[in-house]
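Undergrad: Just to be clear, the model below is a prediction. Sequence and coordinates:
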Amino acid sequence: MTASPDVPGFSIADYVIFGLLLLVSASIGIWHACTGGKQRTTGEFLMANRMMGPIPVACSLTASFMSAITILGTPAEHYIHGCMYSLFGITYALVMILSAELFMPIFYKLKVTSAYEYLEFRFNSKFVRVLGSATFICQMVLYMGIAIYAPSLALNAVYVHNITVCVT
């Protein structure tokens with residue numbers, strides 16, 4: 001596949017910056033994998049022993065909700081639907097506030113580490129917990145296919161390579 005005259009490919013500087021981005025991301029993961037030996041229990045690993053402040057929790061939640069689909073799709077949605085898409089942001093903020101004030105105190109008081117643990121506690125059935133987990137796993141498998149394919153399309157547009165190479 002050859003580059004079209006309208007879309008320039010990566011320059012040397014682009015390759016260097018892209019490589020540094022991947023190197024820094026991998027280094028952060030390796031660093032925390034090697035130095036994260038302080039987490040001995042599930043509570044320490046999943047909940048940080050309930051000692052984490054609101055700023056790191058907010059940053060973690062924000063990072064977990066961001067994906068290439070959000071970054072690539074939001075401008076397109078705004079372009080197609082105009083200001084109507086802003087209602088999604090307003091609704092999202094209201095739902096987050098409602099969840100933080102209504103559901104989170106219940107989870108915190110019950111000292112559960114996940115919604116699945118709450119399902120087992122609430123319905124007194126491990127089957128309900130496993131069913132909820134299986135449903136989430138199926139949803140995430142479908143979502144990850146799209147979440148990986150979306151940035152691959154964007155990378156393919158500038159990298160001008162086979163889409164399979166961009167996915168991997």
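TA: Looks like it arrived, so ask away. Numbering: from 1, shown residues only.
Undergrad: avg pLDDT for stretch 93-101?
TA: Taken as a whole, stretch 93-101 carries a mean pLDDT of 90.
Undergrad: Now that stretch - C-alpha only, CSV.
TA: Output of stretch 93-101 as CSV, limited to C-alpha atoms (Å, rounded to 0.1, in the frame of the first residue of the first chain):
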residue,chain,number,x,y,z
ALA,A,93,-21.7,14.2,35.1
LEU,A,94,-25.1,13.8,36.8
VAL,A,95,-24.9,10.0,36.8
MET,A,96,-21.4,10.1,38.3
ILE,A,97,-22.5,12.4,41.1
LEU,A,98,-25.6,10.2,41.7
SER,A,99,-23.4,7.1,41.8
ALA,A,100,-20.9,8.7,44.1
GLU,A,101,-23.6,9.8,46.6
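Undergrad: Show me what that stretch is in contact with.
TA: By C-beta atoms under 8 Å, 6 or more residues apart in numbering, no surrounding residue is in contact with stretch 93-101. All C-beta spots, glycine's among them, are computed from the backbone N, C-alpha and C.
Undergrad: and the worst-scoring helix or strand of the chain on mean pLDDT, how far out from the chain's middle?
TA: Across the helices and strands of the chain, the lowest-confidence element by mean pLDDT, DSSP states H and E is helix 42-47, at a mean of 75. Distance, stretch centre to chain centre, for helix 42-47: 19 Å (C-alpha atoms, centre = their mean, to the nearest Å).
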